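# here is the input, now give the coordinates:
(chains A and B)
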Amino acid sequence: MTTAVSSSSSFNSATVRRLLPLYGVYVALAALVLFNIVYTDNFLAWNNLRIQLVQVTPVVIVALGMALVIGTEGIDLSVGSVMALGAALIPLYLGYGMVPAIVLALVGGVIVGLINGGLVAFVGLQPIVATLAMLVAGRGVALVVSNGKYKDIRDKDFLAIGTDAFLGVPYTVWIAAVLAVVVGFVVRRTVFGRRLLAIGDNRAAAQLAGVPVKRVLVGVYMIAAVLAAVAGVIQVSRIGSADASRIGLLIELSAITAVVVGGTPLTGGKVRVLGTVAGAFLMQLLTATMIANNLKDSTAQMVQAVIILVAVYTARERRTR
Amino acid sequence: MTLVAEPQLEKAEAASLRTERIVELVQRQGALAVLGIVLVVGLVAYDNFRSFDNAATILVSAAPAALIALGMTFVIITGGIDLSVGSLYVLGGVLAAWASQYGVAAAFAVPLAACGVFGLVQGLVIAYARLAPFIVTLAGLLGARGLMLALSDEGGTTYLVDPGAFKDFGKGELLGIKYSVYLVVVLFVIGMVALYRTRFGQSVYALGGSEDAARLMGVRIRGTQIKVYVLSGLLAGLAGTINAARLGSGVTVLGTGMELDAIAAVVVGGTLLTGGAGTLGGTIAGVLLLQVIQNLINQDGKITSAWQTVISGAFIALVVVAQTYLARLRRVASG
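Numbers count the residues shown, from 1 in each chain, chains lettered A, B, ... in the order given. All right, here's what the predicted structure looks like:
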């Protein structure tokens, strides 16, 4: 898709090659939307758009945290398990009201984030190993907490988060939008954000420049885990049940895909928040488009694989610097 | 490590050298040591654990994981990673079950060819497009799963293995141990020779140690990279094949998370994810350790599957943390 645009445009190829990694995801997203407007029936119907928005919400929220972690040259494989843990914790204290239940779920995220961050920053484990262990153990804890049982939620206030809307847009989408703005602000305008990027760029240099590397790393993993817990809570409120064995399964792959397709390099030092959101939308819309046009799940997965490769190839850093 | 016998070697230095050597030994053989402890505990505490049948069961169920971990060890030593193996394992199983109708040769050849080609494509992309192995094989994970679903009518069809030589291979035993176990042993021996005694093995280590240095030394970077991903794909396909022979069908729902199990086994076995260091002996110990722990948990019977995952996760973290501290100790000891 993106290559077609570049060959037919009137820019010279050097400009295109410079801009493509930065704006490729938006071009692809726009092309996909145009395609859908023309070829998919009822694409612009509010009901359809609303479904797309609601479905992409958990991936967007998880991907925001993932983008921050990847910005520090790390990776967080445990996010799906944290979602499950957050979901499993919700029914426990829902009897005392909505707020304690949600707070508890977020505290669960904080604890996992502290462990992840501690293992990475203080023990010095590689992020992929540390969070791999938490991927396994986290879902185990979620299953222990929920006794391995599927639980229906009946609390009306809590379910309202998932079902009600403000100005016609579901609450969950508002939450994701606000979180995206906050994360974008943190990355661009705060000391924490600058430090995070400095660590991802060159950890040794950041250390020498006086950045509290370990503290920032723990903070980043904590934010990622809390965001994953939020996604878990939202998922429970939308589905109306907490199923620790299913919620968040393989979402780490979708989130990493969204981040990478959005133009954030895995090598750290750069975080593209809006690109990440666009990346999540692109992958969601891609799947939806293929389903709407009667392509099978198998084909959809193979196309996704190709899209990931093409996106990363166009976004890769030139080695000629 | 240079052992220069200097007479003026200080006592403290000699002591630190000894610490260094002990730490190195424990780090290298850590998984083996823990495996020994776990085995002793199991033998003492559980009656059913102490049987030949149980040992044979452990070996058979470890066989596919061992093959995948064998390929993964090569990949990780080059500093790469292969996330596609879980999907290729399932794809291999489905293809083997389907191809078994054309005889035992086809049942082995078809999955090996398909998974080998898949590995080749991943290797080519990694070597020539210079994309991160993590991303390429993540796409490979999706692609191979899509291919498997396409071949099995979106997972709806389970091909049964035709009665014949291939099924006999799955059921066959020699001295009470399944053929697949012998196959794994032979392949590990070949793998060890290839890794420790050939030019290819040495370039695998060199590439993982420092790509730039390896290039300056004249190591064929791209060739080595392509070879390890082909190897990993082939072994994942073979793992699926022997599993299909054992189960008698190409099960489409297994294999999720298999890549993570393999990475965990390799890492527990002392191979560093940063590349350049690692042993196949450690990988065997890692695979067996995870399998024995699983078996012991099953023996106990009181532990629910939820706690099983908690224990496995905590165990991986524990072993890896211990290794990291030992590595640091060694660095301190060696000054």
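# look at the spatially most central residue of chain A and give its secondary structure.
Against the mean C-alpha coordinate of chain A, by Cα atoms, centre = their mean, the closest residue is residue A:63 at 1.3 Å. Of the three states, residue A:63 takes helix under DSSP: H, G, I helix; E, B strand; the rest coil.
# verify the stated contact: it with residue A:279.
Yes. Using Cβ atoms under 8 Å, residue A:63 is in contact with residue A:279, at 7.1 Å. Just so you know, the C-beta spots here come from the backbone N, C-alpha and C atoms, and that holds for glycine as well.
# list residues touching both of the two?
A:258, A:259, A:262 (Cβ atoms under 8 Å, 6 or more residues apart in numbering or on different chains).
# isn't the second one right up against residue A:277?
In other words, residue A:259. No. Here residue A:259 does not reach residue A:277: they are 10.1 Å apart, not a contact under Cβ under 8 Å.
# circling back to that earlier point, tell me the one of the shared contacts of residue A:63 and residue A:279 nearest residue B:14?
Using Cβ to Cβ, the shortest approach to residue B:14 within these belongs to residue A:259, at 51.1 Å.
# find the helix or strand that the residue of chain B found nearest chain A is a member of.
Nearest residue of chain B to chain A, counting by Cβ to the nearest Cβ: residue B:313, 2.5 Å away. Secondary structure from DSSP states H and E places residue B:313 in helix B:305-333.
# quick one: buried residues of that helix?
The neighbour-count check on helix B:305-333 (16 or more other Cβ atoms under 10 Å in any protein chain shown) flags B:306-317, B:319-321, B:323-324, B:326-327, B:329-330, B:333 as buried.
# and the host helix or strand of residue A:109 with helix B:305-333, angle?
Using DSSP H and E, residue A:109 maps to helix A:98-118. Note on geometry: by axes from the mean of the first three to the mean of the last three Cα atoms, to 10 degrees, helix A:98-118 and helix B:305-333 are set 30 degrees apart in direction.
# chain center to helix A:98-118: distance?
Distance of helix A:98-118 from its chain centroid, counting by Cα atoms, centre = their mean, to the nearest Å, is 17 Å.
# is the very next helix or strand once past it in proximity to chain B?
Helices and strands here follow DSSP H and E; after helix A:98-118, the next one along the chain is helix A:127-145. Yes. Helix A:127-145 lies within reach of chain B by Cβ under 8 Å from any Cβ of the partner chain, at A:128-130, A:132-141, A:143-144.
# go through these and name the one nearest residue B:21.
Closest to residue B:21, out of all of those and judged by Cβ to Cβ, is residue A:129, at 25.6 Å.
# excluding its backbone neighbours, what's nearest residue A:127?
Leaving aside its chain neighbours, residue A:127 sits nearest to residue A:74 (3.6 Å; criterion: Cβ to Cβ, 6 or more residues apart in numbering or on different chains).
# can you pull the contacts of the one you found?
A:120, A:127, A:217, A:220, A:221, A:268.
# kindly recompute the last result at 10 Å.
Residues near residue A:74 by Cβ atoms under 10 Å, 6 or more residues apart in numbering or on different chains: A:66, A:68, A:116-117, A:120-121, A:126-128, A:130-131, A:199-200, A:217, A:220-221, A:224, A:266, A:268.
# is it fair to say it lies in a strand?
No. Counting by three-state DSSP, residue A:74 is not part of a strand but coil.
# could you point out which element follows the helix or strand residue B:236 falls within?
Per DSSP H and E: residue B:236 is located in helix B:221-247. Per DSSP H and E, the first helix or strand lying C-terminal to helix B:221-247 is helix B:258-268.
# phi, psi of residue B:178?
Note on residue B:178: backbone dihedrals following degrees, to the nearest 10 are phi -60, psi 150.
# mind checking which helix or strand the closest residue to it other than its chain neighbours is in?
Counting by Cβ to Cβ, 6+ apart, residue B:178 lies nearest to residue B:60, which is 4.9 Å off, once chain neighbours are set aside. Using DSSP H and E, residue B:60 falls within helix B:52-77.
# let me see the mean pLDDT of the helix or strand just after that helix.
Per DSSP H and E, the first helix or strand lying C-terminal to helix B:52-77 is helix B:85-99. For helix B:85-99, mean pLDDT rounds to 89.
# which strands and helices lie in contact with the helix or strand just after helix B:85-99?
Sequence order places helix B:104-124 as the next helix or strand after helix B:85-99, per DSSP H and E. With contacts defined as 3 or more Cβ pairs under 10 Å, 6 or more residues apart in numbering or on different chains; DSSP states H and E, helix B:104-124 has these neighbours: helix B:52-77, helix B:85-99, helix B:133-151, helix B:165-171, helix B:221-247.
# deepest of those, which one?
Greatest average neighbour count among the helices and strands packed on helix B:104-124 goes to helix B:85-99 (a mean of 30), per mean count of other Cβ atoms under 10 Å in any protein chain shown.
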